[in-house]
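In: Below is the sequence, then the predicted model.
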Amino acid sequence: MGLLMESLNTNHPKHFLVIPLVITLFIGLVWMITIRKCNLTSPTTGNKNMLSRTYSSPPVVPGLPLIGNLLQLKDTITHELFANWAETYGPIYSIKAGASTIVVLNSSDVIKEALVTKFSAMKRKNTYAMKILLADIMATSDSNEYHKMARRNVVTPMLGAGAQRQHPHRDNMIDNVVCRLHSHAKENSLDQPVTLRRILQTEILGLSLKQALGMDVGSSKYIEGLGETLSRDEIYKVLVLDPLSGAAEVDWRDFFPYMRWVPNKSFEIRIGQTETRRLQVMQTLIEEQQKRISSGEGLNCYLDRLMSERETLTKTQLARLVWETIVGIETTIGTAEWAMYELAENPKCQDKLYREIQKVCGNNKYTEEQYSGTTYLSAVFHETLRKYPPFPVLPLRYIYEDTQLGGYDIAAGTEIAINIYGCNMDKKQWDSPEEWKPERFLDSKYDPKDLYKTMSFGGGKRVCVGTSQGLSVTCTAIASCIQEFQWSLEQRREEEDINTSTLTIQKLKPLLATPRDY
Ligand code: HEM
């Protein structure tokens, strides 16, 4: 996770470029002299091996000396800008962000090459905030023993297909969502719109806590380490919203690592506080469950499974790993919200989906087992992920041994930005990609069982481990909302209705739609 560039857009100190600009005036002179020297060798590392033949580098997007393309990236939606640049410079090109050279990939062919064939030539490039807030989790680890241990332990009790079938929690969660919507419809006879996100957030939090820890939190919890009682909404904020926006924040020193010695205290304090609060809540929740485990009451959840690795894990690592599966579920909320927005905006599609669900379920409520018979629901899900991938740009990687990508030589040290949105919007691959058209996935060329019709779950060995859970939760939520209610939109989407200040991209203005009982 980690959209380094997205965070240039909002919520950051106003003049975040001024400090580095002033300081780099002097250092820059020295640096430029170094660059002249480096041009005679490999572009970023000085590796002379690459000079033994002609070096074929990707096209370069012109920028300014020292800061490169940082000003162009500021106040834009980065994944859209990357996709626009691909139209001019081709699917693979290079930009500069301060001292970093970043190669941006925008087509599925070259992205598959990076994630599958050239997987072993890359490592994660975590920013300062990510190193604090996303430390010791699977998603930001290099592919090592720690990563393998975590992936193995999360698949068996929680996220693997077998484990998914054993959990009744998702059915309960959906029942609660529907029940709350019915109460809303009953209590607000005057077509009062509902903020679907709020209902999904609180119910999906409950689901993820049960799967991760074995238990939900109830309406509030006293957190000893903080000396505060936090409400359920506050717990959601501390565990999900704050770390996701903190991890997307940029410390300008990420772009100018040679200035790491310059203090940026307010940033460090903010990130540190977010981390402390998150860990304190996690410790309280875990300690409570450890008492249950010690009393011999085992449950089928991630924490119980991880306890078998207790001797090799520190207390903090345990807390961070469990936390990862709680925060991971946020992606499903965003996807369900976008799908419901598009369905409310497109009554014909909504009607088509309603008719399909009625045909498959009759008078019974929709259940996950019926997914294989609902091809239009599957098309709605994949089309929503195509147009609104929760991670439009994957967390940065860097090349650690010279390699080739898309036919270009890429030197060790180069950073790689994988623009999933760019390949989901590629006009060569998709007809009218800017339109939301689920029908495109009804084409017989798409295997109905293929979970990866777009690149939105990533790919290769590090493909999303929560794919099956993401699909089940999102599709069941959409199907149940459509089966029970007819939805109309309160507000049409405005341009730029995208929240880029957190790690997973969401609708900026929460969907306001009116559910009417049939
Ligand atoms: C619609 C739903 C989802 C989408 C679109 C999605 C997307 C992604 C993507 C693109 C990656 C790869 C990141 C990279 O290569 O850098 C990823 C990894 C991951 N996802 Fe998901 N995700 C979803 C749901 C979930 C859920 C529900 C969970 C857990 C409860 C989860 C947990 C993870 C984890 C732990 C990883 C890291 C896997 C590894 O590095 O081995 N995801 N996800």
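Out: Ah, there it is. Residues are numbered from 1 along each chain as shown.
In: Would you mind listing what in the stretch 101-250 of the chain touches the ligand?
Out: Residues of the stretch 101-250 of the chain lying near the ligand by C-beta under 6 Å from any ligand atom: 138, 139, 151. (C-beta placed from N, C-alpha, C; glycine too.)
In: So which of those residues sit within helices?
Out: residue 151 (DSSP state H).
In: Closest one to residue 91 out of the residues of the stretch 101-250 of the chain next to the ligand, please.
Out: Here the nearest of these to residue 91, counting by C-beta to C-beta, is residue 139; it sits at 25.2 Å.
In: Around the closest one, how many other residues sit close by?
Out: 22 (other C-beta atoms under 10 Å).
In: In contact with residue 423: list those residues for me.
Out: Neighbour list for residue 423: 91, 106, 107, 108, 111, 429, 455 [criterion: C-beta atoms under 8 Å, 6 or more residues apart in numbering].
In: So which of these belong to helices?
Out: Per DSSP H, these map to helices at 108, 111.
In: Show me which of the contacts of residue 423 are buried.
Out: 91, 106, 107, 108, 111, 455 (16 or more other C-beta atoms under 10 Å).
In: pLDDT score assigned to the fifth one?
Out: So that's residue 111. Note for residue 111: predicted pLDDT of 96.
In: contacting residues around residue 222?
Out: 228, 229, 284.
In: For the first one, report the pLDDT, please.
Out: Looking at residue 228, its pLDDT reads 96.
In: And for residue 47?
Out: So, for residue 47, pLDDT stands at 49.
In: right, and the helix or strand after the helix or strand of the chain with the lowest mean pLDDT?
Out: The weakest-scoring helix or strand in the chain, judged by mean pLDDT, DSSP states H and E, is helix 18-38 (a mean of 51). Downstream of helix 18-38, the next assigned helix or strand under DSSP states H and E is helix 70-73.
In: now residue 102: how far from residue 62?
Out: 14 Å (C-beta to C-beta, to the nearest Å).
In: who's more crowded, the two?
Out: Counted by other C-beta under 10 Å, residue 102 and residue 62 do not tie: residue 102 has more neighbours, with 23 against 10.
In: packing partners for the helix or strand hosting the more buried one?
Out: Here residue 102, judged by DSSP H and E, is contained in strand 100-105. If you count contacts as 3 or more C-beta pairs under 8 Å, 6 or more residues apart in numbering; DSSP states H and E, strand 100-105 packs onto helix 78-89, strand 92-97, strand 415-418.
In: Of all these, which one is nearest the ligand?
Out: Closest of the helices and strands packed on strand 100-105 to the ligand is strand 415-418, at 7.4 Å (criterion: C-beta to the nearest ligand atom).
In: residues in contact with the residue of the chain found nearest the ligand?
Out: Closest approach between the chain and the ligand, counting by C-beta to the nearest ligand atom: residue 466, at 2.3 Å. Residues in contact with residue 466 (C-beta under 8 Å, 6+ apart) are 159, 325, 328, 329, 331.
In: mind redoing it with 7 Å?
Out: Applying C-beta atoms under 7 Å, 6 or more residues apart in numbering, we find residue 466 in contact with 159, 328.
In: what does the model give it for pLDDT?
Out: Looking at residue 466, the pLDDT reads 94.
In: quick one, phi/psi of it?
Out: In this entry, residue 466 is assigned phi and psi values of phi -100, psi 20 (degrees, to the nearest 10).
In: next one: residue 213
Out: phi -110, psi -10.
In: For it, report the pLDDT, please.
Out: On the pLDDT scale, residue 213 gets 94.
In: got the contact list for the helix or strand hosting residue 148?
Out: For residue 148, the host element (DSSP H and E) is helix 145-154. Contacts of helix 145-154 with the rest of the structure, by C-beta under 7 Å, 6+ apart, involve 138, 141, 302, 305, 306, 309, 321, 325, 465.
In: Burial check on residue 56, number of neighbours?
Out: For residue 56, using other C-beta under 10 Å, the count is 10.
In: again with the one 5 residues further on
Out: The tally of other residues near residue 61 (other C-beta under 10 Å) stands at 19.
In: mind listing what the residue lying closest to it once chain neighbours are set aside touches?
Out: Once flanking residues are discounted, residue 61 sits nearest to residue 95: 4.8 Å by C-beta to C-beta, 6 or more residues apart in numbering. Applying C-beta under 7 Å, 6+ apart to residue 95 gives the contacts 61, 63, 68, 69, 102, 104.
In: What mean pLDDT does the strand holding residue 102 get?
Out: On average, strand 100-105 scores 97.
In: could you turn it into CSV, dropping everything but the C-alphas?
Out: This file holds the C-alpha atoms of strand 100-105, laid out as CSV (Å, rounded to 0.1, in the frame of the first residue of the first chain):
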residue,chain,number,x,y,z
SER,A,100,14.4,10.0,-7.2
THR,A,101,14.1,8.7,-10.7
ILE,A,102,10.7,7.0,-11.1
VAL,A,103,9.7,4.8,-14.0
VAL,A,104,5.9,4.8,-14.4
LEU,A,105,4.2,1.7,-15.9
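In: So which residues make contact with that strand?
Out: Contact with strand 100-105 is made by 43-44, 58, 82, 91-95, 111, 114, 255, 405, 410, 414-419, as judged by C-beta under 7 Å, 6+ apart.
In: can you pull the pLDDT of residue 508?
Out: pLDDT for residue 508: 86.
In: Which pLDDT value does the model give residue 250?
Out: So, for residue 250, pLDDT stands at 85.
In: I meant residue 52, not that one.
Out: 51.
In: Surely residue 303 and residue 215 touch.
Out: No - the criterion here is C-beta atoms under 7 Å, and residue 303 misses it with residue 215 at 9.5 Å.
In: overlap in contacts of the two?
Out: residue 289.
In: Between the two, which is the more surrounded one?
Out: For the pair residue 303 and residue 215, the greater number of neighbours falls to residue 303 (26 against 16), based on other C-beta under 10 Å.
In: Next one: the more buried one from residue 226, what distance?
Out: Counting by C-beta to C-beta, the gap from residue 303 to residue 226 is 21 Å.
In: end to end, how far does stretch 309-321 reach?
Out: End-to-end distance for stretch 309-321: 12 Å, by C-alpha to C-alpha, to the nearest Å.
In: Now name the helix or strand holding residue 181.
Out: Here residue 181, judged by DSSP H and E, is contained in helix 169-187.
In: And that helix, what's buried?
Out: Result for helix 169-187 [16+ other C-beta under 10 Å]: buried residues 169, 170, 173, 174, 177, 178, 180, 181, 184, 185.
In: gap between the lengthiest helix in the chain and the chain center?
Out: When every helix of the chain is counted residue by residue (DSSP H), the longest turns out to be helix 265-294. Mean-position distance between helix 265-294 and its chain equals 21 Å (C-alpha atoms, centre = their mean, to the nearest Å).
In: and whichever helix or strand comes after it, what does it pack onto?
Out: Downstream of helix 265-294, the next assigned helix or strand under DSSP H and E is helix 302-306. Counting contacts by 3 or more C-beta pairs under 7 Å, 6 or more residues apart in numbering; DSSP states H and E, helix 302-306 is packed against helix 145-154, helix 196-213, helix 265-294, helix 315-327.
In: give me that answer again for 6 Å
Out: Helix 302-306 makes packing contacts with helix 145-154, helix 315-327 when contacts are defined by 3 or more C-beta pairs under 6 Å, 6 or more residues apart in numbering; DSSP states H and E.
In: Which of those helices has the highest mean neighbour count?
Out: Compared across the helices and strands packed on helix 302-306, helix 315-327 shows the largest average neighbour count, a mean of 21 (mean count of other C-beta atoms under 10 Å).
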